[in-house]
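Asker: for reference, the sequence and a predicted model appear below.
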Amino acid sequence: MPARVVVGVQWGDEGKGKIIDILASRADVVVRSQGGNNAGHTVENGGEVYKLQLIPSGILYPDTLCLLGSGVVINPKGILGEIDGLEARGVSCKNLRIDPRAHVIMPWHLLLDGLSEQMRGNAMIGTTNKGIGPCYMDKAERSGIRIYDLVHPEVFAEKARLAGEIKNRLLTDFYRAEPLDLDAVIEEYTAYGDRLRQYVADVSVLAYNAVRENKEVLFEGAQGTLLDIDFGTYPFVTSSHPVSGGVCVGSGVGPTLIDEVVGAAKAYTTRVGAGPFPTELLDATGDELRNRGHEFGTVTGRPRRCGWFDAVIMRHSVRVNGLTALAINKIDTLSGMGPLKVCTAYRKADGTVIRDFPPTIDELAECLPVYEELEGFDGDLSGCRSFDELPASCKRYIAELERLCECPIKMVGVGPARSQNLERA
């Protein structure tokens, strides 16, 4: 039984939810290892659509153990709302477990997220204002509040008051904002802790034992490789590690226990938020891609920026994640669009052509895409149920992506349903 990781390999929103749902249906354990409720997976299951933010996709399968690792940051109100929403739809959350080391998003994190973004003005990052970055800041500063603290009222009250007094000084003295009522915060969050206590368990031990017992374990990623705080387009990134290495750190499972790393991508490229985007199409073709692909954020509803497939990005993702396979979604979106372009390299301002993704956005911002034009394909692909049923020109497009990305493509998506995911041996 493999331990398998699924990661996004562009700027997020690559359709990981469907891939994860398919693999979660075969898994005994599903683990989320980083990020918070700033990320979302849209999953279509049993004719129902679920928009999950924190809870692993395995929750839709009653016998699957679902784990939130120490690398996740948790908004207690948000996760309880998600639990209540799922339970109301008949989905049990009894198999959910949360690591006591996971950090808690507090009200001051939400306030500081928005205030700091406002202060940046035109240099704003494009944060979702969910408090993710400020929570990770406190974690790195070693002043954060963890789930363990939250479910122990006396410990929590002491730590929350100390942290809250410091944050109130920051809110009032620096941002000229109103202070938080700490008594009210402590009372509210203590009640959240009472409800969440039943879910707390050592995720590292549970995940490790599952692998050792030869169970099938799926580690699901949030966001995408180019949003990684080290290997993404910094500073226009998230505050955690969406790359495969982040799975090990954020779940407490060593790298030698991972068997496969699957990268989820689109047949074109999208991103939300600011920052350089070499293949972005600021024209009618970009609008057509956005409308055809329904490219609007799961959590925020923001329209996504759209562009042609970028093989430079993909080679970067293959390398930093150690990908063993790719899953290419939304290839049906390209049907009928005529000749298709694929970025094979970048041309710098001095005329130099590079094949590797540059390490800084200053270098990336000066890059122009070097395109290869490929034959398009026509027809409704949504009814295809095997790779062999795809048009020959579509197969050639996929084969060229494999060559350029230097990674085998094992899954191809021709629609949102699970039955519209074509698997190759």
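Answerer: Yes, it's here.
Asker: CA only for contacts and neighbour counts going forward, please
Answerer: Fine.
Asker: and residue 354, its phi and psi?
Answerer: Dihedral angles of residue 354 (phi, psi; degrees, to the nearest 10) stand at phi -120, psi 150.
Asker: what residues are up against it?
Answerer: Each residue near residue 354 by C-alpha atoms under 8 Å, 6 or more residues apart in numbering is listed here: 345-348.
Asker: reformat these as TSV; add pLDDT and neighbour count.
Answerer: Output for the contacts of residue 354, formatted as TSV (pLDDT from 0 to 100; neighbours: other C-alpha atoms under 10 Å):
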residue	pLDDT	neighbour count
345	98	22
346	98	25
347	98	16
348	97	16
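Asker: can you check the distance spanned by stretch 266-278, start to finish?
Answerer: Taking C-alpha to C-alpha, to the nearest Å, stretch 266-278 runs 16 Å from one end to the other.
Asker: quick one: average pLDDT of that stretch?
Answerer: Mean per-residue pLDDT for stretch 266-278: 92.
Asker: just to revisit the earlier point, and the contacts of residue 354, which of them are in strands?
Answerer: 345-347 (DSSP state E).
Asker: picking that back up, just the closest of the contacts of residue 354 to residue 160, please.
Answerer: Nearest to residue 160 among these is residue 346, at 49.1 Å by C-alpha to C-alpha.
Asker: so the closest one makes contact with residue 365?
Answerer: No. Contact criterion C-alpha atoms under 8 Å: residue 346 and residue 365 do not qualify, at 10.7 Å.
Asker: residue 207 and residue 3, how far apart?
Answerer: Distance from residue 207 to residue 3, by C-alpha to C-alpha: 10 Å.
Asker: now do the shared contacts for the two.
Answerer: Common neighbours of residue 207 and residue 3 (C-alpha under 8 Å, 6+ apart) are residue 217.
Asker: which one of those two has more residues nearby?
Answerer: residue 207 (26 against 21; other C-alpha atoms under 10 Å).
Asker: quick check: pLDDT value at residue 420.
Answerer: Reported pLDDT for residue 420: 92.
Asker: can I assume it is in contact with residue 381?
Answerer: No. The pair residue 420 and residue 381 does not pass the contact test of C-alpha under 8 Å, sitting 9.1 Å apart.
Asker: now do the shared contacts for the two.
Answerer: Common neighbours of residue 420 and residue 381 (C-alpha under 8 Å, 6+ apart) are residue 414.
Asker: now the contacts of residue 354 as CSV including distance to residue 81?
Answerer: What follows is the contacts of residue 354, written out as CSV (distance: C-alpha to C-alpha, whole Å):
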residue, distance to residue 81
345, 45
346, 45
347, 48
348, 48
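Asker: out of those, who's nearest residue 394?
Answerer: residue 345 (21.9 Å).
Asker: now for the closest one: which residues touch it?
Answerer: 311-312, 353-356, 369-371.
Asker: with residue 136 instead?
Answerer: 73, 103, 239-240.
Asker: from residue 144, how far out is it?
Answerer: The value you get for residue 136 to residue 144, if C-alpha to C-alpha is used, is 8 Å.
Asker: shared neighbours, the two?
Answerer: By C-alpha under 8 Å, 6+ apart, the residues touching both residue 136 and residue 144 are residue 103.
Asker: buried ones among the contacts of residue 345?
Answerer: Among the contacts of residue 345, those that count as buried by neighbour count (16 or more other C-alpha atoms under 10 Å) are 311-312, 354-355, 369-371.
Asker: could I get the ones in strands among the contacts of residue 354 as a markdown table with distance to residue 127?
Answerer: A markdown table is the format used below for those (distance: C-alpha to C-alpha, whole Å):
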| residue | distance to residue 127 |
| --- | --- |
| 345 | 29 |
| 346 | 28 |
| 347 | 30 |
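Asker: before we move on, the earlier item: in strands, which of the buried ones among the contacts of residue 345 fall?
Answerer: Counting by DSSP E, the buried ones among the contacts of residue 345 contribute 354, 369-371 to strands.
Asker: okay, now the unreliable bits of the chain?
Answerer: 1, 297-300 (pLDDT under 70).
Asker: in it, which spans are helices?
Answerer: Remark: helices assigned in the chain by DSSP state H are 16-24, 76-88, 107-120, 132-141, 147-150, 153-169, 182-196, 203-212, 244-251, 284-293, 311-321, 361-365, 392-405.
Asker: list the buried residues in the last one.
Answerer: When you say that, I think you mean helix 392-405. Buried-residue list, helix 392-405, by 16+ other C-alpha under 10 Å: 394, 397-398, 401-402, 404-405.
Asker: from those, pick the one nearest residue 316.
Answerer: residue 405 (8.8 Å).
Asker: so the closest one touches residue 311, yeah?
Answerer: Yes. Under the criterion of C-alpha under 8 Å, residue 405 makes contact with residue 311 at 5.6 Å.
Asker: burial of the residue nearest to residue 296 when sequence neighbours are not counted, as a residue count?
Answerer: Using C-alpha to C-alpha, 6 or more residues apart in numbering and skipping the chain neighbours, the partner closest in space to residue 296 is residue 303 (4.4 Å). For residue 303, the neighbour count with other C-alpha under 10 Å is 16.
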